[in-house]
Structure formats: structure tokens, C-alpha cells
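Student: Test case, fold it:
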Amino acid sequence: MKLTLKLETTFKYLQFWNSLFNLTSKELNILTVLVDINEKQKDPNICSNKNKKLAAKKLNFKDPNTLNNYVKKFKDKGSLILEGDNYILHKLLSNKDEVEVRILR
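Tutor: Residues are numbered from 1 along each chain as shown. Next comes the predicted model:
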């Protein structure tokens, strides 16, 4: 059997994989905003100061540094990975074009 899912938004895509990362709904919303902003900015660091400022504004956070708490949670839960000085999305979350999943029992 082959199953095809159409996950049209970043939120739906992240939500699909969330069972692996166990993000809360608030964390999922914040990560969605960071991903969408980073796709426009093309920054190698999804958590750059510029991206965090833009995300804080969109999320109505007074201080962009509030996002640092969430960045740590994302890293601890595995949805973000620290490579050198840059935070990047986990491979499953960054490849939104086509992913094939086989379930073996």
C-alpha cells in the first residue's frame, strides 16, 4: 500500500513529524515561524539574531531573547541541531520536497 500526504504548510509538515520530537503546540508554532522566516532569509543559522528578531515581532514577544529558551528546548528535543555556531533543522524537518517512509513490522 502506498499513502501520499499533501502537507501544504510548514505547520502541517512539522506537525506530521512531531511524534518524533514531542513538541508542545506552542513550541510547534514557534518553530513554524522560525522555519518560515529562515526560508525567506536563507540564513545558515535558523536561530540567528536577525531571524529571532523577526520571529519575536511576528509572535508578539517583547524581547527576542525569550526565544533562546525555546531554542534550547528544540535542541534538547532534537528538532534543531547545533553545527559549529549554527542551528539547523533536523534532516527530516528540512527536506519538505519529498520523503518516502517505509514501515516494517
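Student: Can you name the residues that contact Y87?
Tutor: Taking CB atoms under 8 Å, 6 or more residues apart in numbering as the definition of contact, the neighbours of Y87 are 45-47, 71, 74-75, 80-81. The way it works is simple: take the backbone N, C-alpha and C, and place the C-beta from them, glycine included.
Student: Restricted to buried residues, select the residues you listed in PyMOL.
Tutor: Applied in PyMOL, the following selects the buried portion of the contacts of Y87 according to 16 or more other CB atoms under 10 Å:
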select buried, resi 45+46+47+71+74+80+81
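Student: Can you name the residues in contact with stretch 22-40?
Tutor: Among residues not part of stretch 22-40, those counted as contacts by CB under 8 Å, 6+ apart are 9-11, 14-15, 18, 46-47, 51-52, 54-55, 58-59, 67, 70, 73-74, 77, 79-80, 89, 93.
Student: from the chain's centre, how far out does that stretch sit?
Tutor: In this view, stretch 22-40 has its centroid 5 Å away from the chain centroid, taken as CA atoms, centre = their mean, to the nearest Å.
Student: That stretch: which residues count as buried?
Tutor: Residues 23, 27, 30-38 are the ones in stretch 22-40 that count as buried (16+ other CB under 10 Å).
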